[in-house]
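1. Model the structure of this input:
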Amino acid sequence: MRIAEMLASNQALTLEMLITVDETLAHCAVRSSFDMKASLILAFTHSSRTAQILVKHKPRCPILVVTPNSWVANSTLLLRGTFSMIVGSLISSGTLLQKVIHEANLRKLVKRGDKIVFISCTNGG
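-> As a prediction, this is how the structure comes out:
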């Protein structure tokens with residue numbers, strides 16, 4: 001598709017920009033996990049898109065996909081190195097974060113003192 005055609009269709013341009021932003025965020029999260037020697041990447045998502053992009057960048061640590069959608073939780077289990085957790089809502093709160101970290105600890109994905117990378121792509125991820 002030519003740039004002129006994309007400019008004619010604002011929606012196509014916006015979608016292209018969102019994909020680029022999601023890819024960039026995922027790349028930075030995986031890169032940060034390498035640099036920090038993180039034990040886990042937490043991915044908060046409504047769809048499996050964030051997890052799919054993260055897996056594409058081949059992180060060394062596991063990815064815990066946190067989602068309110070049971071279909072997403074089940075589908076991300078097919079991706080390499082991912083685990084899933086279903087929550088009621090992704091509305092940001094300290095309680096949600098504590099609950100997720102506690103669950104990761106119970107699953108032996110992390111232990112006290114480990115470093116964790118968080119990612120949340122809200123526009124299509």
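2. what about stretch 108-125, average pLDDT?
-> For stretch 108-125, mean pLDDT is 83.
3. Just the CA atoms of it, as CSV, please.
-> C-alpha atoms of stretch 108-125 as CSV (Å, rounded to 0.1, in the frame of the first residue of the first chain):
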residue,chain,number,x,y,z
LYS,A,108,7.7,-20.8,41.6
LEU,A,109,8.2,-18.4,38.6
VAL,A,110,9.9,-15.9,40.9
LYS,A,111,11.3,-15.7,44.4
ARG,A,112,12.0,-12.8,46.7
GLY,A,113,14.6,-10.5,45.2
ASP,A,114,14.0,-11.5,41.6
LYS,A,115,13.6,-8.8,39.0
ILE,A,116,10.4,-8.6,36.9
VAL,A,117,9.6,-6.7,33.7
PHE,A,118,6.0,-5.4,33.3
ILE,A,119,4.3,-4.7,29.9
SER,A,120,0.8,-3.6,29.1
CYS,A,121,-0.2,-2.8,25.5
THR,A,122,-3.6,-1.2,25.8
ASN,A,123,-4.4,-0.4,22.1
GLY,A,124,-4.8,-3.8,20.5
GLY,A,125,-2.5,-5.8,22.7
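4. so how far is that stretch from its chain's centroid?
-> 8 Å (Cα atoms, centre = their mean, to the nearest Å).
5. got it, and stretch 91-104?
-> With Cα atoms, centre = their mean, you get 15 Å for stretch 91-104.
6. In that stretch, which residues are buried?
-> Of all the residues in stretch 91-104, those buried under the rule 16 or more other Cβ atoms under 10 Å are 96, 100, 101, 103, 104. C-beta: built from backbone N, CA, C; applies to glycine.
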